[in-house]
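Q: Let's see this in three dimensions:
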Amino acid sequence: MNSTIWLALALVLVLEGLGPMLYPKTWRKMISTMTQLPDTMLRRFGGGLVVAGVVIYYMLTKTIG
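A: The predicted model follows:
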């Protein structure tokens, strides 16, 4: 695999780990709240994150070259 992909995965893991490490009670409450959302809302939220990630990736590849 390309080293850039591994670096991106490492960054995602660091960012995802900050919530439960620094604010475990708030993180647990947020996750609990998300389990109560309907599937369509979660799909839209997930789709929005995917689109944001693709846009950021596209912008970075255009900028960096």
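Q: Which element, helix or strand, includes Pro20?
A: Assigned by DSSP states H and E, Pro20 belongs to helix 3-22.
Q: other SSEs contacting that helix?
A: helix 24-35 (3 or more CB pairs under 8 Å, 6 or more residues apart in numbering; DSSP states H and E). Any C-beta I mention is one placed from the backbone N, CA and C, and that applies to glycine too.
Q: The same query, at a cut-off of 10 Å, please.
A: On a contact count with 3 or more CB pairs under 10 Å, 6 or more residues apart in numbering; DSSP states H and E, helix 3-22 meets helix 24-35, helix 39-64.
Q: Any chance of those helices in CSV with mean pLDDT as columns?
A: What follows is the helices and strands packed on helix 3-22, written out as CSV (pLDDT from 0 to 100):
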stretch, mean pLDDT
helix 24-35, 95
helix 39-64, 91
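Q: Could you point out which of those helices sits nearest Ile5?
A: Nearest to Ile5, of all these, is helix 39-64, at 10.8 Å by CB to CB.
Q: Verify the contact between Thr35 and Met41 for me.
A: No - using CB atoms under 10 Å, Thr35 is not in contact with Met41; the gap is 11.5 Å.
Q: Please say which of the two ends up with more neighbours.
A: Each of Thr35 and Met41 has its neighbours counted (other CB atoms under 10 Å); Met41 has more, 11 against 7.
Q: what sits against the more buried one?
A: Applying CB atoms under 10 Å, 6 or more residues apart in numbering, we find Met41 in contact with Met34.
Q: And Arg43, by the same measure?
A: Listed by CB under 10 Å, 6+ apart, the contact set of Arg43 reads Leu37.
Q: on that earlier part again, tell me which of the helices and strands packed on helix 3-22 approaches Leu7 most closely.
A: Closest to Leu7 of those is helix 39-64 (CB to CB; 11.9 Å).
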